[in-house]
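Asks: Give the three-dimensional model of this entry:
(one chain, ligands or ions: 1)
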Amino acid sequence: MHRAVVVILDGLRRDFVGPARTPRLAAFAADAASFPAFRTAFPSATRAVSASFATGCHPARHTLQGNAVALLENGTLVPHDVGRPDFLAHKRAITGHALAVPTLAERLVPSGGAIIFNNVSPGAANAHDPDAHGHLYHRVISRGPGGAPVPQPLRVTLDAAGDRAMTERFIAEALPRRPALAVLWLGEPDHIQHETPLGSPEHLAVLREADRNAGAVIDAVARQRAEGDDVLLLIGSDHGHETVSGAVDVEAELIAAGLKAGAESTDVVALSNGTASLVYLHPDQENRRGRLEDFLRSQSWAGMVVPAAELGTIGQAPHHGLAFAVSLRADDAPNAYGVPGRALAAMPRWDKPVREGCGQHGGLARYEQSPVLMIEGPGFAGGTARAQAAHIVDLAPTILRHLAVPAANMDGQALQVA
Ligand SMILES: [Zn+2]
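Replies: Here you go, the predicted structure:
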């Protein structure tokens, strides 16, 4: 029986994988192919990346532009927190679809189905299967196909203890049902990295717990293989982290420069995606585009400014008035624990306030764009490192190839070699 099992350790940086910090992952590398050039979507933010994982498409095509986005609603730019459990239903009502392309859960309905266990934000969990084709277990949302209630909703905390309880249920309940696709998306180490410095003892203790959870799934998959199942096992992360070197209130900067009318105005809306900002321009204010670009390009905090005409180069499109993507200034300087990579963060409207010295992500800097990918199974020689470019959008077609299900109309490419 051909199946795929995916374990995501949210926020794990590639350079944190090693025998001392993550012994189970380090050992797994001997049995799996590793991808040292693996990259994630822009923004490198969990909700948009989750949709790219689920659809095999960049945000330009699945249309979930970030963790915080604006939608043009009846001619008004309305800012939204995508993490809310009801956001994708709202987007469906406004735009006609939650995501503009099908998810793995939808594609796998006729061939074994999908079960997703997820301990990040409700909006990110929803992005895997917004139209309820498979089973989703999350501490806020648990449901079966068609939105039917499940007998035992997932009740866990967003921390290492919750991840551990979720992993135990995943192994006890999801794997024995032998779905075509089983996904375990842990909340750690992302959660602790937002609250403590990268490399701190608190961080490393939680990282060890996440590694233990991955190890428990590796062992469970080995038992199912011994029973005859042909399981493709993918273990990785959705993005890395940088250390926050300071905070920038992008909207306040735009107001001070005379480029936005006021804090509540909807002529220009800039939304924090951690170390990135998505800047939306209302269609009626087209004559402001050139001045906006000149301003953004002249700011020392704006590390990389991508205008609308070039959004395709980072997998985005100018939907809903998206005019500029900004990846805030970053460098390779180390933090107090010797962990390199720091970036400025944009002040959020809804998420927790910026925590200087702790971890963050969202942009295009080196370490937030250094997630982990290791794949074990047919087409992946154990103990090898593949130098090729690999991207989060490649995971869905790779999974479908293993399951012998067509992967038509995806941006990504299957990673198996003959
Ligand atoms: Zn994440």
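
Asks: roughly how far is stretch 74-91 from the heart of the chain?
Replies: Relative to its chain's centre, stretch 74-91 lies at 18 Å (CA atoms, centre = their mean, to the nearest Å).

Asks: Can you give me the buried ones in that stretch?
Replies: 77-84, 87-88, 91 (16 or more other CB atoms under 10 Å). For glycine as for every other residue, the C-beta is placed from the backbone atoms N, C-alpha and C.

Asks: Quick check: residues of the stretch 151-300 of the chain near the ion?
Replies: 190, 238 (CB under 5 Å from the ion).

Asks: Tell me which residue in the stretch 151-300 of the chain sits closest to the ion.
Replies: Proximity to the ion, evaluated over the stretch 151-300 of the chain using CB to the ion, is greatest for residue 238 at 4.3 Å.

Asks: For that residue, give me its contacts.
Replies: 8, 10-11, 40, 44, 46, 49-50, 53, 371, 392 (CB atoms under 8 Å, 6 or more residues apart in numbering).

Asks: now residue 98
Replies: For residue 98, the contacting residues are 88-89, 91-92, 126, 130-131, by CB under 8 Å, 6+ apart.

Asks: just checking, it is part of a strand?
Replies: No. Counting by DSSP: H, G, I helix; E, B strand; the rest coil, one finds residue 98 to be coil, located in no strand.

Asks: burial count for the closest residue in space to it that isn't next to it in sequence?
Replies: Leaving aside its chain neighbours, residue 98 sits nearest to residue 130 (3.5 Å; criterion: CB to CB, 6 or more residues apart in numbering). Counted by other CB atoms under 10 Å, the residues lying close to residue 130 total 24.

Asks: quick check, residue 130 in a helix?
Replies: No. Assigned with three-state DSSP, residue 130 falls outside any helix and is coil.

Asks: so which strand or helix has residue 217?
Replies: helix 201-226 (DSSP states H and E).

Asks: quick one: stretch 132-140 to chain centroid distance?
Replies: The answer for stretch 132-140 is 17 Å, by CA atoms, centre = their mean.

Asks: Show me what it is in contact with.
Replies: Stretch 132-140 has contacts (CB under 8 Å, 6+ apart) with 85, 103, 105-106, 108-109, 113-119, 122, 125-126, 128-129, 142-147, 150, 153-158, 162, 166, 169, 174, 179, 181.

Asks: one step back: in three-state terms, label the residue of the stretch 151-300 of the chain closest to the ion for me.
Replies: Relying on three-state DSSP, one would call residue 238 coil.

Asks: What ranges does the stretch 101-250 of the chain have for its strands?
Replies: With strands called from DSSP state E, counting those that start in this stretch, the stretch 101-250 of the chain shows them at 114-118, 135-138, 142-143, 181-186, 230-236, 242-248.

Asks: cool, and the stretch 301-418 of the chain?
Replies: 304-307, 322-327, 330-334, 340-346, 359-360, 373-376, 384-385, 390-391.

Asks: Could you tell me what pLDDT the model assigned to the residue nearest to residue 98?
Replies: Listed pLDDT for residue 130 reads 98.

Asks: Include distance to residue 4 when you put the strands of the stretch 101-250 of the chain into CSV, please.
Replies: Below are those laid out as CSV (distance: least, CB to CB, whole Å):
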stretch, distance to residue 4
strand 114-118, 9
strand 135-138, 15
strand 142-143, 21
strand 181-186, 5
strand 230-236, 5
strand 242-248, 31
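
Asks: re earlier: near the ion, which of the contacts of residue 238 show up?
Replies: Checking the contacts of residue 238 against the ion (CB under 5 Å from the ion), the matches are 10-11, 46.

Asks: got these as a markdown table, with pLDDT and neighbour count columns?
Replies: A markdown table is the format used below for the ones next to the ion among the contacts of residue 238 (pLDDT from 0 to 100; neighbours: other CB atoms under 10 Å):
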| residue | pLDDT | neighbour count |
| --- | --- | --- |
| 10 | 98 | 26 |
| 11 | 98 | 31 |
| 46 | 98 | 31 |
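
Asks: Would you agree residue 56 is in contact with residue 396?
Replies: Yes. The pair residue 56 / residue 396 is scored as a contact, 3.2 Å apart, by CB atoms under 8 Å.

Asks: joint contacts of the two?
Replies: 104, 407, 410, 412.

Asks: can you put the residues you listed in CSV and add neighbour count?
Replies: Compiled in CSV, those are given as follows (neighbours: other CB atoms under 10 Å):
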residue, neighbour count
104, 29
407, 18
410, 21
412, 22
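
Asks: Now tabulate those in CSV and tack on distance to the ion and pLDDT.
Replies: Output for the shared contacts of residue 56 and residue 396, formatted as CSV (distance: CB to the ion, whole Å; pLDDT from 0 to 100):
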residue, distance to the ion, pLDDT
104, 18, 98
407, 24, 95
410, 21, 98
412, 18, 98
